[in-house]
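Chemist: Return a 3D structure for these sequence lines:
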Amino acid sequence: MKQGAQDSTGTRIPEARPDAAPRLPRQAPTAEPRRERDVPSADASPADVRGEHTHSERPLPRPRPVVRRSSVRGQVLQALRTALVAGELRPGEVYSAPALGERFGVSATPVREAMQQLALEGAVEVVPNRGFRVVERGARELAELAEVRALIEVPMMLRLARTVPVERWADLRPLAEATVRAASSGCRATYAEADRTFHRAVLSLAGNGQLVQIAEDLHRRAQWPLVGGPARPGRADLVADAAQHTALLDALIVRDLEVVRSLVAEHFGGAA
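Modeler: Numbers count the residues shown, from 1 in each chain. Presented below is the predicted three-dimensional model:
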């Protein structure tokens with residue numbers, strides 16, 4: 001078509017040049033190709049990767065180690081439980097968080113949090129503007145706890161006696177012997193911890209975490225001091241109670257179900 005030619009509408013059409021590039025349809029802008037200098041190096045900081053300007057910022061100091069309040073609270077809770085079982089926290093007495101905090105060398109806050117946990121467990125009750133009172137418990141409550149423990153643990157012990165391999169019972173021998181040593185010390189708190197450890201290990205063989213948790217809670221509550229009940233067990237009572245652990249293991253190894261049933265029932269009936 002010659003220069004100056006017109007189309008059917010009379011519009012002038014420019015003459016095409018041989019070296020002119022064809023025109024493409026207009027497209028949406030695309031991202032600029034990544035240049036080599038835009039690729040972060042292996043040792044680039046996160047700020048460099050995000051494109052933040054850090055050349056004018058002062059470097060921040062390393063964070064200090066975080067003090068875990070839950071750890072302090074847990075240690076105080078354990079200390080309070082030990083004092084409770086040992087009779088150092090007497091039933092009916094009111095104890096304030098600041099006074100207990102001074103005793104344990106901590107602030108009142110973790111003590112208050114630990115005592116609130118004990119209140120949830122039923123060991124103490126809140127006294128507004130004063131502190132926490134250790135709950136007074138009688139022999140009837142202890143008997144009820146022993147009955148509930150027996151309803152849970154006796155059937156489980158019998159089931160385990162039928163199914164657990166002998167070598168698994170043999171693995172628990174050191175724990176049973178540890179209860180005997182703890183009983184020989186005459187320390188009620190030391191024996192209480194060893195006793196719970198042994199029972200927890202036995203019930204753990206069932207593979208039921210909920211059962212273990214419930215049974216341990218009942219066991220712990222059964223170890224709290226009593227008011228108006230029988231005299232606190234002495235060293236001889238603790239030793240006799242611990243001896244039932246080794247006898248129970250012997251019966252479980254030979255799968256003597258009648259002896260297992262008898263020992264567990266006796267153990268709960270006269271639990272220290």
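Chemist: tell me the secondary structure for R137?
Modeler: State at R137, reduced to three classes by DSSP: H, G, I helix; E, B strand; the rest coil: coil.
Chemist: V126 too?
Modeler: V126 is classified as strand under three-state DSSP.
Chemist: got it, and G92?
Modeler: Per three-state DSSP, G92 ends up coil.
Chemist: repeat for R133
Modeler: Once three-state DSSP is applied, R133 turns out strand.
Chemist: Could you give the number of residues near it?
Modeler: By the criterion of other CB atoms under 10 Å, R133 has 17 neighbours. C-beta coordinates here come from the backbone N, C-alpha and C atoms, glycine included.
Chemist: now for the strand or helix carrying V180, which elements pack on it?
Modeler: Taking DSSP states H and E as the definition, V180 sits inside helix 173-185. Helices and strands touching helix 173-185, by 3 or more CB pairs under 8 Å, 6 or more residues apart in numbering; DSSP states H and E, are helix 188-204, helix 235-254.
Chemist: Give me the angle between it and helix 188-204.
Modeler: Inter-element angle recorded for helix 173-185 and helix 188-204: 160 degrees (by axes from the mean of the first three to the mean of the last three CA atoms, to 10 degrees).
Chemist: Determine how far helix 173-185 lies from the middle of the whole chain.
Modeler: 26 Å (CA atoms, centre = their mean, to the nearest Å).
Chemist: so how many other residues sit close to the closest residue to E93 other than its chain neighbours?
Modeler: Excluding the flanking residues, the one nearest E93 by CB to CB, 6 or more residues apart in numbering is V134, at 5.7 Å. If you count neighbours by other CB under 10 Å, V134 ends up with 21.
Chemist: what do you get for the one 10 residues further on?
Modeler: Look at E144: counted by other CB under 10 Å, it has 12 neighbours.
Chemist: Distance of the residue lying closest to R162 once chain neighbours are set aside relative to T163?
Modeler: Spatial nearest neighbour of R162, chain neighbours left out: R255 (6.8 Å); criterion: CB to CB, 6+ apart. Distance, R255 to T163, by CB to CB, to the nearest Å: 10 Å.
Chemist: Neighbour count: the two, which is higher?
Modeler: Between R255 and T163, counting by other CB under 10 Å, R255 is the more crowded of the two (16 against 10).
Chemist: what about the more buried one, distance to M157?
Modeler: In terms of CB to CB, R255 sits 11 Å off from M157.
Chemist: R235 and A247, how far apart?
Modeler: For R235, the distance to A247 (CB to CB) stands at 19 Å.
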